[in-house]
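K.L.:
Take this sequence and fold it.
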Amino acid sequence: MLTQYRSKRKVSGGRYKSYRGKRRFETAKIPSLTKLAETKRVKIEGMGGTSKNRLYRAEFANVVDPKTKKYSKAKIKTILENPANRHYVRRNIMTKGTVIETEKGKARITSRPGQDGTVNAVLI
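P.N.:
Numbering: from 1, shown residues only. Below you'll find the model as predicted:
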């Protein structure tokens, strides 16, 4: 089970004495790493009864034109650059800040696809 619990080892390399086991609030989830493909969305339960929509694959983006302030749905052609990780570009992984090529032109993703469940972008 993945956790976000404190490390078992100290900075010096010594071990901390364990005083309790893992707790549910310390559990971690594997990142969704949204890819460019046919859309696939999964609902995930969070703490306190909340829910999130995980977007695993996406082929369309909600693009806004800053001049006309109009929204439109556009097909994503390719991923041009990703500031989160340069290797994400060749793996076609989308995160917040990624520059994508759409039918309307170049756009920067403003949403967090793995947590919001949608790809929202602004034309640049």
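
K.L.:
could you point out the longest strand in this structure?
P.N.:
The longest strand of the chain (DSSP state E) is strand 70-81.

K.L.:
name the helices or strands packed onto that one?
P.N.:
When contacts are defined as 3 or more CB pairs under 8 Å, 6 or more residues apart in numbering; DSSP states H and E, strand 70-81 sits against strand 34-36, strand 60-65, strand 99-102. Bear in mind the C-beta positions are built from the backbone N, C-alpha and C, glycine included.

K.L.:
Would you reformat the ones you listed as a markdown table and include distance to residue 74, mean pLDDT and mean neighbour count?
P.N.:
What follows is the helices and strands packed on strand 70-81, written out as a markdown table (distance: least, CB to CB, whole Å; pLDDT from 0 to 100; neighbours: other CB atoms under 10 Å):
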| stretch | distance to residue 74 | mean pLDDT | mean neighbour count |
| --- | --- | --- | --- |
| strand 34-36 | 13 | 95 | 20 |
| strand 60-65 | 5 | 96 | 18 |
| strand 99-102 | 4 | 96 | 19 |
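
K.L.:
Reformat the ones you listed as a markdown table; add distance to residue 119.
P.N.:
Below are those laid out as a markdown table (distance: least, CB to CB, whole Å):
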| stretch | distance to residue 119 |
| --- | --- |
| strand 34-36 | 7 |
| strand 60-65 | 4 |
| strand 99-102 | 8 |
